[in-house]
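1. mind folding the following:
(one chain, ligands or ions: 1)
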Amino acid sequence: MSLDLSRVRFDRAGRTIIDGVDATLPSGALTALVGPNGAGKSTLLHLIAAIERADAGELHFDGRSVPGMRRRDRARLVALAEQQAEVDPQLGVLAAVLIGRTPHLGAFAAAGEHDRAVAERSLEAVGAREFAARPIGSLSGGERQRVTLARALAQEPELLLVDEPTNHLDLAAQLTALELLAGLARDGLTVVAALHDLSHAAAYADHVIVLSAGRVVVAGDPREVFTAELVERVYGVRAQVVEHPLTGRPLIAVAAPAASSLAPAAVAEAALTETRA
Ligand SMILES: Nc1ncnc2c1ncn2[C@@H]1O[C@H](COP(=O)(O)OP(=O)(O)OP(=O)(O)O)[C@@H](O)[C@H]1O
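-> The predicted model follows:
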């Protein structure tokens with residue numbers, strides 16, 4: 001079982017934003033989607049969730065076409081947690097998480113005891129149970145981020161997509177969120193997370209996909225993918241990959257390049273040129 005993307009292309013405003021992406025994301029694993037700003041990470045998550053429709057190509061999960069599914073079936077299969085989720089600030093946290101149960105409710109049926117229990121369990125999992133009775137609008141950015149993830153978990157999906165799950169979180173909360181995602185993957189959930197911190201991706205992901213300018217530069221085991229040369233080429237920074245003194249995982253140390261460095265657009269083009277070569 002896997003999530004398979006084949007020649008996926010997406011154009012917007014006369015530009016090709018996702019440019020022929022081929023990728024196989026293993027199921028029951030945490031895949032990190034990394035790449036510079038504007039590489040297409042969020043767009044790719046939107047295409048996988050079928051919030052946006054690809055202009056070409058195919059997306060299959062476990063052999064089933066995700067965009068081709070009935071909306072309700074898809075909502076049971078895939079959940080997307082992203083920061084920009086619009087929620088009424090007056091809405092209580094538990095009620096907001098219960099929205100995640102919608103695909104599991106019968107037509108016109110209200111959430112029942114089971115749904116409430118799932119919502120509470122989801123809040124518990126992200127360490128946000130104590131906020132259950134508060135209005136969403138009263139939470140800090142990091143607290144809200146956790147509630148967004150809880151809502152996606154309450155959906156009980158097979159495929160969980162998370163856009164920048166560590167954003168707004170303090171150091172300990174970042175690690176807790178990543179541990180949670182890695183733990184869910186170990187329990188069988190297929191998790192795809194767009195991440196900016198390459199060391200986080202190296203420490204927690206089973207599989208990594210490096211995107212640049214809408215194309216896959218390289219994909220595979222993070223211990224093999226993250227080389228200094230790759231990081232320098234894709235991000236235009238100086239890099240060294242060393243062993244993390246506490247965990248033994250790869251730690252990607254970066255520094256600004258000399259003043260004569262390439263401009264970001266040239267870096268993206270250089271990354272892809274080398275890939276094609
Ligand atoms: N509605 C739109 N109209 C025009 N261009 C868009 C639109 N949505 C996204 N883009 C462009 O598509 C590209 C990819 O955007 P996307 O948000 O997927 O990148 P990202 O890798 O998630 O970036 P970031 O790390 O900054 O969040 C960017 O250049 C962006 O400006």
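
2. which residues of the stretch 101-250 of the chain lie near the ligand?
-> Residues of the stretch 101-250 of the chain lying near the ligand by Cβ under 6 Å from any ligand atom: none. C-betas here are computed from N, CA, C, even on glycine.

3. output the below-cut-off pLDDT ranges for the stretch 101-250 of the chain.
-> Where the stretch 101-250 of the chain drops to pLDDT under 70, the residues are 107.

4. the helices in it, which residues?
-> For the stretch 101-250 of the chain, applying DSSP state H, counting those that start in this stretch gives helices covering 113-125, 141-154, 171-186, 198-204, 222-225, 228-235.

5. and the gap between the residue in the stretch 101-250 of the chain that the ligand sits nearest to and residue 14?
-> The ligand sits closest to residue 194 of the stretch 101-250 of the chain, with a gap of 6.1 Å, by Cβ to the nearest ligand atom. In this structure, residue 194 and residue 14 are 24 Å apart, going by Cβ to Cβ, to the nearest Å.

6. neighbour count: the two, which is higher?
-> residue 194 (25 against 5; other Cβ atoms under 10 Å).

7. now do the strands in the chain.
-> With DSSP state E as the criterion, the chain has strands at 2-12, 15-26, 30-34, 56-61, 64-65, 78-81, 159-163, 190-194, 207-212, 215-220, 238-243, 250-255.

8. would you format the ones you listed as CSV with distance to residue 180 included?
-> As requested, the strands of the chain are arranged in CSV below (distance: least, Cβ to Cβ, whole Å):
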stretch, distance to residue 180
strand 2-12, 20
strand 15-26, 19
strand 30-34, 10
strand 56-61, 22
strand 64-65, 27
strand 78-81, 11
strand 159-163, 10
strand 190-194, 10
strand 207-212, 18
strand 215-220, 24
strand 238-243, 25
strand 250-255, 21
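
9. residues in contact with the spatially most central residue of the chain?
-> Centre of the chain computed as the mean C-alpha position; nearest residue by Cα atoms, centre = their mean is residue 193, 2.3 Å away. Neighbouring residues of residue 193 by Cβ atoms under 8 Å, 6 or more residues apart in numbering: 30-33, 161-163, 165, 181, 205.

10. residue 43 now?
-> 10, 12, 17-18, 52, 214.
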